[in-house]
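In: Model the following, please.
(chains A and B)
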Amino acid sequence: MADMVIVRKQGLYCVPGDFYIDPWRPVERAVITHAHGDHARVGHAHYLSAESGVGILKSRLGQDIRIDGIEYGARIEHKGVTISLHPAGHVLGSSQVRMEHKGEVWVASGDYKVEPDRICAPFEPVRCDTFITESTFGLPIYRWQPEQAIFDDINAWWRSNAGQGRCSVVFAYSFGKAQRILSGLDASIGPIVCHGAVEPLNRVYRAAGVNLPPTAMVLDVDKAALKSAIVIAPPSAAGSSWMKRFGDYSDAFASGWMQLRGARRRRGVDRGFVLSDHADWPGLMMAIRATEASRVIVTHGSIPVMVRWLRQVGLDASGFDTEYGGEDTEAAESGEVAGVAELSQAAPEKTDA
Amino acid sequence: MREFARLFAELDETTATNRKLDALQAYFSSAAPANAAWAVYFLAGGKPRQAVPTRLLRDYAIEYAQLDGWLFDECYHAVGDLAETIAHILPPPEHHSDVGLAVWMQERIGPLRGADPVAIRAALFGFWNQLEPRERFLLTKLIGGGFRVGVSRLLVTRALSTIAAVDSKLIAQRLMGWTDGSVAPTASGFLQLIAAPSDDEHKLRGGQPYPFFLAHQLQGAPQTLGALADWQIEWKYDGIRAQLVRRGAQNYLWSRGEELITERFPELAALRLPEGTVIDGEVLVWIDGAPRPEPFSDLQKRIGRKTLSAKLLAELPAVLVAYDLLEEAGVDLRALPQHERRSLLAALVAGIGQPQLTLSPLIEATGWDQLAQIRTESRARGVEGMMVKAKDAQYGVGRTKNVGTWWKWKIDPYAIDAVLIYAQAGHGRRASLYTDYTFAVWDANELGERRLVPFTKAYSGLTDAEIAVVDNAIRKTTVEKFGPVRSVRPTMVFEIGFEGIALSSRHKAGIAVRFPRILRRRDDKSIDDADTLDTLKGLLAAAGAPPSLSLSPSPSLSLSLSLSPSPFGSSSDPLA
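Out: Model (predicted):
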């Protein structure tokens, strides 16, 4: 049987269904797994996403895009392909795409995380014949601690800084990671301030019924109170004049890449909190096994390593070259931490990590 | 181990000196003295011999994590650090351990040295199952002998000084010898380190040197220093800075890295000095009657050899060029002004009258302008520039300015435009980034065909942002990968600076350079505009390098390749 999903220059293409998944060039029909910039792009004629992701896609791509939302698990039929979306546990509205055609099932994972969190629907393993998986953290060095342990670390650091009259600044991607941190903060320690790029996304999460602690904009907090505040800002705010108002602050970066000492030190922040919205190595392996797929296609991240390992454990594995997270995965990895995104032109907000 | 791991994490996580100092003080005031003693040893730069071979560490970690060798290697390339790779790949521990650092070092890690592999395997599996990732990271560092932490010795000294309420200069003095491996760190040793000053300080010193006084780089014009008459000017030699200590009827020669190197230099070990003498100077290879010292590469041959043959000693004789006198007749002279110490030194050297001890000459000039003129002779004299020392300066501790200042007034480096042809990912904070480059210059064969010949590696000089751009370009222009090394299509030209140049049979270009680093990217130049091997040869000729010794290396020379001269300062890396 011919492959149901192939790579075309526009993106991942479902052949019998004649639609694309997270295409990187304008197409007629696009199924969008989630609203990060490298997966959700402007210019498609028709969009389809999880219902819970519609609001965020409109806020990022424009209110006038033609978009349909479907509930997780709901099935729609298109040119003989049964399409359904299933939670990926990555960010609000993120989904895996299940495609069934003539009894064969393919699932494209988009980006996913297997540990449940407090701000989006948890990852749901979907049984399939072929699983297209991401591999952002596809090396055994990436093993996450439970998120509560990281939240405890963040709160302890914040409490200690506040005790010394020093503001705490966490750099985190504004969509997803920022809200995840918010969900774990102990609001009794001090005021929680969000950068102007983060606050609109908090509103989207709250509108979707996610419970986040109260947040303020910096101008709403008086200067003395800032000394015990925690500030959530996008990485691009680092070194900007916006930061000056916080005086002698301690800073941190929250990302899976912070697992490595080298990456932490390159960032030049006081603390690196290892908090990722992607699956770690054990998570990837568990998710792949849970699908019971006999064939696995690996996309963006550590493609060669994952493919070789999966073959070794008896699966039919291969790779897809995609443009998620940048063309060269290694470059994207280091770019993520070394700030290539800021240097290269036309980089929309980099994929969350 | 847990406390020390926390301290390490705190030191590693912040770049702010004050926070590091706070963390050190908090640790030293709460840690048990036996543990604190080992912490001082490591933080001050102590490097124990490797207790378990790297190969065993790697193989047992692979077995424990149930991975494959190739997958481990992929991980290692991404991490760039063996200890960190091992720490991350192992499954979470099932137990916890509260064993202190001293017990770890003495009872757990120490016995592994030379132990049976089966015993090592069992021990490691047990250790790994009771340590958190960051403790496992430290464990491998402690076992492997590659422990490094981002604190200066000065900072450790300051922290100890604060908790002990003892002057930091005295702490620095007591710290001498802590890291050379001759003394095991003990609780009583730590308590002595932080004890109130006693009358016996001097006796306790043994063969230990004083903390070295270090110079600052002179940034502006020397005229800003005021009247030349207030300054003592000397040449800045390119050798091994060392202290020669004579106590207890024995000579001790210490390098600036506090390595005891007496055995490497029998002619200096044999120098007849009065009891209770400490001379600060530069060890150089200097052939009797020659107008200038031999290049550093000849000194490396002396350092690198396992055995020093009579032939080598005759060919490459070492001398100590004396800069300063720190102790005479057992009396510490460091608080005397520079000019007084100089007079005493001159008298001492003259009185000894042995050819392997000479006095660093003073450079006389009528003013800064004339001095600048004389400084242009530096290359021809085989020196790196000048030292400018305040005549009333005491001999300070480390790189300080509080009791008078020494300036180094170095000549501008050589500069060559070269083409990047190979790249390798870095280590530590540069892991996963292509930061270590090999550069080539053009050479023409008999037929006049031009080809690029590698002439040096260089690792430093670019900012993080520049590295990101170059890293990206390397990935896009990769021709071939050999393990962690990539060959690239030559597209990028860089200006490479270096301090010295010498003939070398070990390098493809036939030339070795000293302290190579990247001065800047030359986007304005195409690879065709890069310099040629002839340009380098021209520099070599102008430097007047004596070709006699370096041209015909003996067969055993290749042995010295594997020996790192690191204790004596970095040098050009031999190209394979």
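
In: Walk me through the domains of the chain.
Out: Because you didn't say which chain, this covers chain A. A:5-142+A:277-343, A:147-273 (automatic domain parsing).

In: that's the wrong chain, I wanted chain B
Out: B:216-410, B:414-568.

In: And B:Ala415, what's its pLDDT?
Out: On the pLDDT scale, B:Ala415 is placed at 89.

In: Which of the three states applies to it?
Out: Of the three states, B:Ala415 takes strand under DSSP: H, G, I helix; E, B strand; the rest coil.

In: Next, work out how far apart B:Ala458 and chain A are.
Out: 19 Å (CB to the nearest CB, to the nearest Å). Glycine gets a C-beta too; all of them are placed from N, C-alpha and C.

In: what bridges to that residue?
Out: B:Tyr437 (DSSP bridges).

In: Now do the contacts for it.
Out: B:437, B:439, B:494, B:496, B:516-518 (CB atoms under 8 Å, 6 or more residues apart in numbering or on different chains).

In: what do you get for B:Ala32?
Out: B:100, B:102, B:187.

In: There's contact between the last one and B:Ala37 in this structure, I believe.
Out: Yes: taking contact to mean CB atoms under 8 Å, the distance of 6.0 Å between B:Ala187 and B:Ala37 places them in contact.

In: Just want to know which of these two has more residues nearby.
Out: The neighbour comparison of B:Ala187 against B:Ala37 (other CB atoms under 10 Å in any protein chain shown) goes to B:Ala37, with 25 against 15.

In: Would you mind measuring the gap between the ends of stretch B:173-187?
Out: 18 Å (CA to CA, to the nearest Å).

In: Same check on stretch A:119-133?
Out: Termini of stretch A:119-133 sit 22 Å apart (CA to CA).

In: Give me the buried positions along that stretch.
Out: A:119-121, A:123-126, A:128-133 (16 or more other CB atoms under 10 Å in any protein chain shown).

In: And for stretch B:3-17?
Out: B:3-5, B:7-14.

In: Same list (these) but as JSON lines, adding secondary structure.
Out: Output for the buried residues of stretch B:3-17, formatted as JSON lines (three-state DSSP):
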{"residue": "B:Glu3", "secondary structure": "helix"}
{"residue": "B:Phe4", "secondary structure": "helix"}
{"residue": "B:Ala5", "secondary structure": "helix"}
{"residue": "B:Leu7", "secondary structure": "helix"}
{"residue": "B:Phe8", "secondary structure": "helix"}
{"residue": "B:Ala9", "secondary structure": "helix"}
{"residue": "B:Glu10", "secondary structure": "helix"}
{"residue": "B:Leu11", "secondary structure": "helix"}
{"residue": "B:Asp12", "secondary structure": "helix"}
{"residue": "B:Glu13", "secondary structure": "helix"}
{"residue": "B:Thr14", "secondary structure": "coil"}
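
In: of the residues you listed, the lowest pLDDT goes to which?
Out: Ranking the buried residues of stretch B:3-17 by pLDDT, B:Thr14 lands last with 77.

In: which residues touch that one?
Out: Here B:Thr14 is in contact with A:270, B:20, B:23 (CB under 8 Å, 6+ apart).

In: Quick check: it vs A:Arg265, distance?
Out: Separation of B:Thr14 from A:Arg265 (CB to CB, to the nearest Å) stands at 11 Å.

In: Same question for B:Leu138.
Out: For B:Leu138, the distance to A:Arg265 - CB to CB - is 17 Å.

In: Around the closest residue to B:Thr17 other than its chain neighbours, count how many other residues there are.
Out: Leaving out its chain neighbours, the residue that sits closest to B:Thr17 by CB to CB, 6 or more residues apart in numbering or on different chains is B:Leu155, at 6.8 Å. Using other CB under 10 Å, B:Leu155 has 16 other residues around it.

In: quick one, which of B:Leu138 and A:Arg265 is more surrounded?
Out: Neighbours around B:Leu138 and A:Arg265, counted as other CB under 10 Å, are more numerous at B:Leu138. The numbers are 26 against 19.

In: Surely that one touches B:Phe8?
Out: Yes: counting by CB under 8 Å, B:Leu138 touches B:Phe8, with 6.0 Å between them.

In: mind checking how far the residue nearest to A:Gln312 when sequence neighbours are not counted is from B:Asp369?
Out: Leaving out its chain neighbours, the residue that sits closest to A:Gln312 by CB to CB, 6+ apart is B:Asp68, at 7.1 Å. Applying CB to CB, the value for B:Asp68 to B:Asp369 is 68 Å.

In: what about B:Ala473, how many neighbours?
Out: By other CB under 10 Å, neighbour count at B:Ala473 equals 18.

In: That one reaches B:Phe494, doesn't it?
Out: No: the criterion here is CB under 8 Å, and B:Ala473 misses it with B:Phe494 at 11.7 Å.

In: who touches the helix or strand B:Leu268 falls within?
Out: B:Leu268 belongs to helix B:266-269 when assigned by DSSP states H and E. Here helix B:266-269 makes contact (CB under 8 Å, 6+ apart) with B:244, B:251, B:253, B:262-263, B:283, B:308, B:313, B:317-320, B:356.

In: quick one: contacts for the residue nearest to A:Gln312?
Out: So B:Asp68 contacts A:309, A:312, B:62 (CB under 8 Å, 6+ apart).

In: For the closest residue to B:Ile363 other than its chain neighbours, give me its contacts.
Out: The shortest distance from B:Ile363 to any non-neighbouring residue, by CB to CB, 6+ apart, is to B:Ile233 (4.3 Å). By CB under 8 Å, 6+ apart, B:Ile233 lies in contact with B:362-365, B:371, B:386-389.

In: what about B:Leu420, which SS state?
Out: Quick answer, by three-state DSSP: B:Leu420 is strand.

In: And the nearest residue to it once chain neighbours are set aside, how far from chain A?
Out: Distances taken as CB to CB, 6+ apart place B:Met492 nearest to B:Leu420, at 4.6 Å, with adjacent residues excluded. When CB to the nearest CB is applied, the distance between B:Met492 and chain A equals 16 Å.

In: And B:Pro355, by the same measure?
Out: Distance from B:Pro355 to chain A, by CB to the nearest CB: 49 Å.

In: doesn't B:Gly289 make contact with that residue?
Out: No: counting by CB under 8 Å, B:Pro355 sits too far from B:Gly289 to count as a contact (9.7 Å).

In: Tell me which of those two has more neighbours.
Out: More neighbours surround B:Pro355 than the other of B:Pro355 and B:Gly289, with 11 against 6 (other CB under 10 Å).
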